[in-house]
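S.K.: Compute the structure for the input listed below.
(4 chains)
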There are 2 protein chains.
Amino acid sequence: MKEKNTEKKILEAAKIVFIEKGKDGATMQSIADKAGINKALLHYYFRSKDKLFNKIVELTIHHFLPRIEKAFLSDLDFFERIRIVIKEYITILSNNPFIPAFILHEVNRNPEGILKLVMDSGIRFDLIAKKIDIEIQRGIINISSPQHFLANLLSLCIFPIAARPLLQPIIFSNDKIAYDQFIEERKTQTADFFIQAIKA
Amino acid sequence: MKEKNTEKKILEAAKIVFIEKGKDGATMQSIADKAGINKALLHYYFRSKDKLFNKIVELTIHHFLPRIEKAFLSDLDFFERIRIVIKEYITILSNNPFIPAFILHEVNRNPEGILKLVMDSGIRFDLIAKKIDIEIQRGIINISSPQHFLANLLSLCIFPIAARPLLQPIIFSNDKIAYDQFIEERKTQTADFFIQAIKA
DNA sequence: GTCTATATCGGGATAGAC
DNA sequence: GTCTATCCCGATATAGAC
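M.R.: As a prediction, this is how the structure comes out:
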């Protein structure tokens, strides 16, 4: 009946199912059901499950990375920039809570595939590392290397979202509202914590 | 030919394959191959793929959690205890580097299953939280809640291991030796960073 | 472009011999 | 306890009508 609309419906359905079940756990049938079409039509638009899966990962990565890079490379005060990056990052992730565990699993399953997509996205991690190194040289911040800086920053933002199905029951008695509130707090508290740790 | 030996070989092979491929991606055939036996014998020892998978997860969890709890509940100086917990935790994980992403994926795929095993393990997260809360009340540490304390601690220890396939290429130009060195450094630097962040 | 029907294959599980 | 052979189902993918 419609052209572009069907492709869009497929992509939306595939994103949900792949992220929830992983590549292997997802089935073309369940994706077709969620999109309101049948299996054959899936193969008409995307020739194979592999191709459909790669498309979803590509779209997901291209949606995430540029926003982070942009915040990091602005010319605000360094600590102010950190606050913005952390707030922006946690906000994006909390709106897409299944992305982190999904990416982590797929990159362990097939490192080259995901990695190629990240590299092709054109994000310049080297520039970000350089910016951080400058502040270290200046003595503004106190940490041994840009690598530790980035690893700590990413850990604090990503892990509490990725591990929610474990953390919410364990440290919040499975209280969903309390965990939502917790994530909301982290948008500012993570920056406080991080800056306190590195301030010279 | 042998009894206990075969079961052990199966468990070792299953652990490797499940952790690498995830539950859905692993096949009984590949597990049998790695164990040097055939599929039928797998089903003789463990009646189904489900049962074998649950056994692996159970063994993995029971191997990890108690060591963490023990370090946390000792009666050393609080900051000294933190240093030990972090060092112990990163050491265990770096010796079992595929566990974190595996657990994160499976717990997102099927939260109840893994969670039940964690709860059955008898670990008392409530006691750990209480210990932390006491230090907050005393004014020894400066953080808003035990939940943020624990989430930050776990994030800093676990994430750099789980995300290695992404971080190693991105921030270390895929230099394996450099990343090994990086993890080694984190056994002490993570504690420095963490304590600096929370010290009152 | 969308459907139904079907081919084909792979993987979990079982039967039965040794 | 271990093997070979086989069953059975579900999943990917294609053929062909509309």
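S.K.: and chain A, which of its residues are near DNA strand D?
M.R.: A:26-29, A:39-40, A:43, A:47-50 (Cβ under 7 Å from any atom of the strand). C-betas here are computed from N, CA, C, even on glycine.
S.K.: Of these, which belong to strands?
M.R.: Secondary structure from DSSP state E places none of the residues of chain A next to DNA strand D in strands.
S.K.: Next, residue A:26: phi, psi?
M.R.: phi -70, psi 150 (degrees, to the nearest 10).
S.K.: whoops, I mixed them up, residue A:141
M.R.: Dihedral angles (degrees, to the nearest 10) for residue A:141: phi -120, psi 160.
S.K.: residue contacts, it?
M.R.: Residue A:141 is in contact with A:78, A:132, A:135, A:149, A:198-200, counting by Cβ atoms under 8 Å, 6 or more residues apart in numbering or on different chains.
S.K.: how near is it to chain B?
M.R.: Distance, residue A:141 to chain B, by Cβ to the nearest Cβ, to the nearest Å: 11 Å.
S.K.: Pairing partners for that residue in the sheet, please.
M.R.: Taking DSSP bridges as the rule, residue A:141 bridges to residue A:199.
S.K.: the helices in chain A, which residues?
M.R.: Along chain A, counting by DSSP state H, helices occupy A:4-25, A:28-35, A:39-45, A:49-72, A:78-95, A:99-109, A:111-120, A:125-138, A:146-162, A:164-172, A:176-198.
S.K.: quick one: contacts for the nearest residue to residue A:74 once chain neighbours are set aside?
M.R.: In space, residue A:74 comes closest to residue A:81 once its chain neighbours are excluded; the distance is 6.0 Å by Cβ to Cβ, 6 or more residues apart in numbering or on different chains. The contact partners of residue A:81, taken as Cβ under 8 Å, 6+ apart, are A:71-72, A:74.
S.K.: for residue A:82, what are its contacts?
M.R.: With Cβ under 8 Å, 6+ apart, residue A:82 has these contacts: A:153, A:191, A:194-195.
S.K.: Could you rerun that using 10 Å?
M.R.: By Cβ atoms under 10 Å, 6 or more residues apart in numbering or on different chains, the contact list for residue A:82 reads A:71-72, A:76, A:132, A:135, A:141, A:149, A:153, A:190-191, A:194-195, A:198.
S.K.: next one: residue A:136
M.R.: Residues in contact with residue A:136, defined by Cβ under 10 Å, 6+ apart, are A:142-146, A:149, A:198, A:200.
S.K.: For residue A:104, state which of those is nearest.
M.R.: The shortest gap between residue A:104 and any of the contacts of residue A:136 belongs to residue A:149, at 20.5 Å (Cβ to Cβ).
S.K.: ok, now which ones touch the closest one?
M.R.: Residue A:149 touches A:82, A:128-129, A:132-133, A:135-136, A:141, A:143, A:194, A:197-198, B:171, B:193, counting by Cβ under 10 Å, 6+ apart.
S.K.: again with residue A:56
M.R.: Contacts of residue A:56 by Cβ under 10 Å, 6+ apart are A:10-12, A:14-19, A:23, A:26, A:31, A:46, A:102.
S.K.: Let me know whether residue A:62 touches residue A:120 as I believe.
M.R.: Yes. Here residue A:62 reaches residue A:120: they are 9.1 Å apart, a contact under Cβ atoms under 10 Å.
S.K.: higher neighbour count, the two?
M.R.: Using other Cβ atoms under 10 Å in any protein chain shown as the criterion, residue A:62 and residue A:120 rank with residue A:62 on top: 15 against 11.
S.K.: Give me the spatial nearest neighbour of that one, chain neighbours excluded.
M.R.: residue A:121 (5.7 Å).
S.K.: Give the full set of residues in contact with the one you found.
M.R.: A:58, A:61-66, A:69.
S.K.: Of the residues of chain A next to DNA strand D, which fall within the contact range of chain B?
M.R.: Filtering these for proximity to chain B by Cβ under 10 Å from any Cβ of the partner chain leaves residue A:26.
S.K.: what's the closest of the residues of chain A next to DNA strand D to chain B?
M.R.: residue A:26 (8.7 Å; Cβ to the nearest Cβ).
S.K.: Before we move on, what's the pLDDT of the closest one?
M.R.: With respect to pLDDT, residue A:26 scores 98.
S.K.: What of the one 4 residues further on?
M.R.: At residue A:30, the pLDDT value in this model is 98.
S.K.: repeat for the one 3 residues further on
M.R.: Note for residue A:33: predicted pLDDT of 97.
S.K.: any idea how far it lies from residue A:9?
M.R.: Counting by Cβ to Cβ, to the nearest Å, the gap from residue A:33 to residue A:9 is 12 Å.
S.K.: count of residues packed around residue A:51?
M.R.: Count around residue A:51 with other Cβ under 10 Å applied: 11.
S.K.: Could you do residue A:15 as well?
M.R.: 21.
S.K.: Roughly how far does the nearest residue to it once chain neighbours are set aside sit from chain B?
M.R.: Leaving aside its sequence neighbours, residue A:15 sits nearest to residue A:56 (Cβ to Cβ, 6+ apart; 5.3 Å). Distance, residue A:56 to chain B, using Cβ to the nearest Cβ: 16 Å.
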